[in-house]
Structures are given as structure tokens and as C-alpha cells.
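*Asks:* need a structure here:
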Amino acid sequence: MKEIIKKYLLPLSGYMLFLLYGGIATAQNNGTTTYSEPYRPQFHFSPQKGWIGDPCGFTYYQGKYQMYWWGKVISDDLVHYKEISPKVMTGDDGSIGYFTGSTLIDKENTAGFGPNAYVAAYTIFNKQSKNQSQGISYSKDGETFHYYKGNPVLDIGSTEFRDPTVFWHASSKQWVMVVAKALEKKIKFYGSKDLKSWNWLSDFGPAGAQEKAWECPDLFQLPVDGNGKDKRWVMVVSIDWAREQYFIGDFDGKTFTLAADHPKEALYVDQGLDFYASRTFQDYDGTLKTTPSMGWIATWDYAQLVPSTWGKGFWSIARNLELKTYPEGLRLVQQPIDALKQLRGKIHSSVYQLPEGTKPLKVFKPSENVYELEAVFNTSMPNVFGLNLCVGEGRKLGVSYDTETGLLTIDRTNCAKEKIEKFARRTSAKVVPVNGKLRMHFYVDKSSIELFTNDGKEVFTLLTYPGEMQTGIETFARNGGTEVNLKAWSLKSVW
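*Replies:* I've put the predicted structure just below:
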């Protein structure tokens, strides 16, 4: 099994260990699921047991958020979750694996499976040949999917052709498939009238970051500066098995064209160490006023090594996406959904000047790493300042900001209680204050941290794996005098 994983699956996308590795994780957890196991997130979705990887098939339909990893979970609010099934795919002959894909609602019965049929589009991984092709399965209820006997519906004879997103493009009156040619760093576009016969439309790429591989593409429209009538197309591509980049442009039903002012350098969705394969929700009710997205909190260097006992992997909190105009051009912004506020307990707040050196935070002392913290720093005074989170047992995670360089740095080199290969790392990105203020908005949940800076232009997501006693918080400053406005809340478990 380890040789199969090492040789064939580790170079692929985050969902791809589900069938093989998921069985291992399930077998290791023989106890009753309590949702209080060590490192189990309390307000992120994780399955009862087993492996979870890439988000697949995110739809909003019949008043429910419906999400797949080829297991299924539903939600009314993207805060509380109900797991429906650990496996929804049926009917194959056992020779294939179901890899990353998407789900659609075929309201007009274009495929002939019936009006309002659920259709899942995914990559078929042939276990013997390692070929990757695209296939479909159909369902009446969205809970049991039947393998289409005419599969594959698209096969170019490649071992690096994967992760389709399929959606209806109204103006060209066709289904569009966006799928990655991974090692060529290309996104291929195909069109279909019936979801069964596909015609090549165009290719995009390479562009931006193109070191190793591209996969898990998503394509969607976002409003600009809150104007719902002014929308641009955004394409998100997971790269190098470690992070995501995005492109802003136009899509006419055939070709994706970059905006004229799009930079040559890569634009990254998340500046942290562990965010991958995100998906937006396709709104089949036509009632959503926002564009929510969720991603996989993991990185392939150690995704299968993390010390969770119920299984491996979980998804991020839901984030609303928009485009905002900055001096350098349009950029993606992400904000945690407002519904998360229902989990807040009593507010703890204080406004004061940071003392020189490192000091324990007095205003808020959480009993566990399940909380939300907002710190707004005045940057008018030259300084290096920040917060240490998950402090205890001689370990911590440091978040520092240098007003002179504008760099925000997260240091995870001495945070995790467990020894995890390739885990001890740092990450940095430039963050520009807004009106002389730097806002750090943290969501801390047992084994992860998500940090939204300012209005969500720079977001940092990372795993932590601290010990149970590592719940302390400290402030630090090279020089005293920087003003900080702190607010914090313990958060209730969704389980």
C-alpha cells in the first residue's frame, strides 16, 4: 500500500487517496466517533472517520449547501454540517478510482437521466494503466450515484488529465468543462450539449506560476467592488501540490482571456502553508447573494502523516469571494462568512499600547484552541510587533509584522507537539496597512489557523498541531508604544 501511495498517488491531487487511504484511516479508528478526538476541528467540517481531500461537487440546491468528496455532507448555513454518506458512488467494476470533480443539476434533462438529475463529473483513474479520463455518474436524490455505462465521456490517453469543473454557460447554450493537463501546466476547455459528447474549445496556459503541475481548476464570476452588475471571470488553479493561484479575465464560452492589466507574476489565493483545491458553490436555486468557497487544509508534503486519529484531512471555513480594486489592479478578497458569528461566546476586548518585549495577553485566556481573535494595530510608529499563539510546553506559533518592510511572517518552526516531516516552516507576504491600520483576524481551531488581514486581500491558512496545553497567547513588540485594539471570542463547537 505504501508503495502504491508513493509511486502513483502522492503526485496527484488532494482527493486522490480517498479510496485507498480512506480505508486505512477507517480501520485505525475502531472507537465511537465523539468529535472530541485530539486535533479534531470544532467548527470546520471533517468526516466522522476516514480520509477527506479535495472538495468536490459544491452546489446550492433546494435550499441546501451540498458538498462531496464522493462522500456527501449537507449544510443549511456552512457552519453546521450533516454527513449523509462516506461513499455515494456505485456501479463501477472495481477497476477504477473516482478522483476530483464537480456536480451539477441537469434541470432540462440534457443528458437523458431525467429532469433535475444530479450529475457528477469526475476523473476516472484506471488502476492498472494509470490513465486519467473524464466520466459521469447520475442520481435522482444526490445521495446514490450510478456509474454511466458509456464512460469515459472524454479520454485523450493521458496519465495527467484531471479534475473537471462542469457548469452551464448560458450565452453559448452549452455545458463547459474546465479540466487540467497537469504537467503541461494547461487548462483545457471543452463544450457539450448532453454531458456525454465533448468538443475541445481552447487551451489556457502556461502562465503565472508554472514550476511543477496544475490541477483542480475552478472558473466562476465575481462582482467588482461590490457592484453586482460589474462582474469578471476568475479562474483558480491548484499548483505544485501545495498552493493555489488565480487569474482574472473574460470567458466567452470558448476562450479564457486574461485581463489586459493582469500581472505576469503569480497571484496567490492564500499566502499560508496549507490551502488547496478550493471550490466555489454553483447556485442552482438562483438565490445566493454571495459566492462562498471552501478549500482543503493540507499540503501533500505531509497530508498523510498528520497525527489525527479519526482519519486525515478537513476543509476550511467558508469564505465569501469578491474582487476589489487596488492601486496595482483588481485583486481577489476573501472574508469569513457572517454566519460564523453565531458561534461566538462572550466578547473580551481591550485597547492599549503594546509594552516592549513579550508579554502574556491578559484580556483573553482561552481554555482551548477554539476561538476567534481580532487585533487592529496602529502602524504609524516604526516597529516590529505581533502575537504568539498556541503558547505552552516550550512551543508557540509566531505572527510578526515589520512596519518598515511591510512583511507579515508566520513562524511554525516550533509549534507542533508531534514530529511531522517537512512541517516546521515559515511563510511571509507583504501586507499593506489600510489607513495606517493593520487588521489581523484569526480563526483558531484545534489544529489549524486561518488569518484574514485587512479586508481579506492576504489570507494565511496553516495547520498547527499544538499540544492540549498550548493555549496561551502573547503579544510582543521590539519597542513599546504601538496601539492595539483587541477583540476575542471563544467559539462553540458545531458538533
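*Asks:* in the chain, what spans have low per-residue confidence?
*Replies:* In the predicted model of the chain, residues 1-31 satisfy pLDDT under 70.
*Asks:* please parse it into its domains.
*Replies:* As assigned by automatic domain parsing, the chain contains the domains 2-336, 340-491.
*Asks:* can you lay out those domains as a markdown table showing mean neighbour count?
*Replies:* Heads up, the C-betas are built off the backbone N, CA and C, glycines and all. As requested, those are exported to a markdown table (neighbours: other CB atoms under 10 Å):
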| stretch | mean neighbour count |
| --- | --- |
| domain 2-336 | 19 |
| domain 340-491 | 18 |
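*Asks:* hey, where'd the helices end up in the chain?
*Replies:* 2-4, 18-28 (DSSP state H).
*Asks:* contact partners of the top strand by length along the chain?
*Replies:* Counting by DSSP state E, the longest strand found in the chain is strand 227-239. For strand 227-239, contacts defined as CB atoms under 8 Å, 6 or more residues apart in numbering pick out 13, 178, 180, 187, 204, 209-224, 244-251, 256, 259, 266, 269, 276-278, 321, 323, 330, 332.
*Asks:* can you list the strands that that strand pairs with?
*Replies:* The pairing partners recorded for strand 227-239 under DSSP bridges are strand 214-224 (antiparallel), strand 243-251 (antiparallel).
*Asks:* find the nearest non-adjacent residue to residue 69, please.
*Replies:* Spatial nearest neighbour of residue 69, excluding adjacent residues (CB to CB, 6 or more residues apart in numbering): residue 52 at 5.0 Å.
*Asks:* ok, now which ones touch the one you found?
*Replies:* Here residue 52 is in contact with 18, 46, 69, 71, 296, 311-315 (CB under 8 Å, 6+ apart).
*Asks:* these two touch, right, residue 416 and residue 470?
*Replies:* No: look at residue 416 against residue 470 with CB atoms under 8 Å: they stay out of range, at 9.4 Å.
*Asks:* next, show the common contact partners of those two.
*Replies:* residue 395.
*Asks:* what bridges to the closest residue in space to residue 141 that isn't next to it in sequence?
*Replies:* In this structure, residue 141 finds its nearest non-sequential neighbour in residue 118, 7.6 Å apart by CB to CB, 6+ apart. Residue 118 forms beta bridges with residue 105, residue 139, as assigned by DSSP bridges.
*Asks:* repeat for residue 372
*Replies:* residue 443, residue 489.
*Asks:* against residue 198, how distant is it?
*Replies:* According to CB to CB, to the nearest Å, residue 372 stands 45 Å off from residue 198.
*Asks:* quick one: the strands in the stretch 51-200 of the chain, in order.
*Replies:* Under the criterion DSSP state E, counting those that start in this stretch, the stretch 51-200 of the chain contains strands at 56-61, 64-68, 72-75, 82-85, 89-90, 96-106, 117-126, 132-139, 145-147, 154-158, 161-169, 174-181, 186-192, 199-204.
*Asks:* just put those in CSV and tack on distance to residue 235.
*Replies:* Output for the strands of the stretch 51-200 of the chain, formatted as CSV (distance: least, CB to CB, whole Å):
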stretch, distance to residue 235
strand 56-61, 16
strand 64-68, 21
strand 72-75, 26
strand 82-85, 30
strand 89-90, 27
strand 96-106, 14
strand 117-126, 17
strand 132-139, 18
strand 145-147, 27
strand 154-158, 19
strand 161-169, 10
strand 174-181, 7
strand 186-192, 7
strand 199-204, 7
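*Asks:* quick check: beta-bridge partners of the closest residue to residue 359 other than its chain neighbours?
*Replies:* Spatial nearest neighbour of residue 359, chain neighbours left out: residue 475 (5.6 Å); criterion: CB to CB, 6+ apart. Legend: beta-bridge partners of residue 475 under DSSP bridges are residue 359, residue 387.
*Asks:* wait, residue 475 touches residue 484, no?
*Replies:* Yes: counting by CB under 8 Å, residue 475 touches residue 484, with 7.2 Å between them.
*Asks:* who touches both of these two?
*Replies:* 354, 385.
*Asks:* contacting residues for the residue nearest the centre of the chain?
*Replies:* The residue lying closest to the centre of the chain (CA atoms, centre = their mean) is residue 295, at 1.3 Å. Neighbouring residues of residue 295 by CB under 8 Å, 6+ apart: 55, 244, 269-270, 275-279, 315-316, 461.
*Asks:* how about the strands paired with strand 227-239, which one is nearest residue 171?
*Replies:* strand 243-251 (9.9 Å; CB to CB).
*Asks:* what residues does that closest one touch?
*Replies:* Counting by CB under 8 Å, 6+ apart, 169, 204, 207-209, 219, 232-239, 256-259, 262, 266-270, 275-278, 295, 299, 323, 330, 332 sit against strand 243-251.
*Asks:* can you give me the offset of it from its chain's centre?
*Replies:* Distance, stretch centre to chain centre, for strand 243-251: 15 Å (CA atoms, centre = their mean, to the nearest Å).
*Asks:* just stretch 326-345 next, same as before
*Replies:* That offset, for stretch 326-345, works out to 14 Å (CA atoms, centre = their mean).
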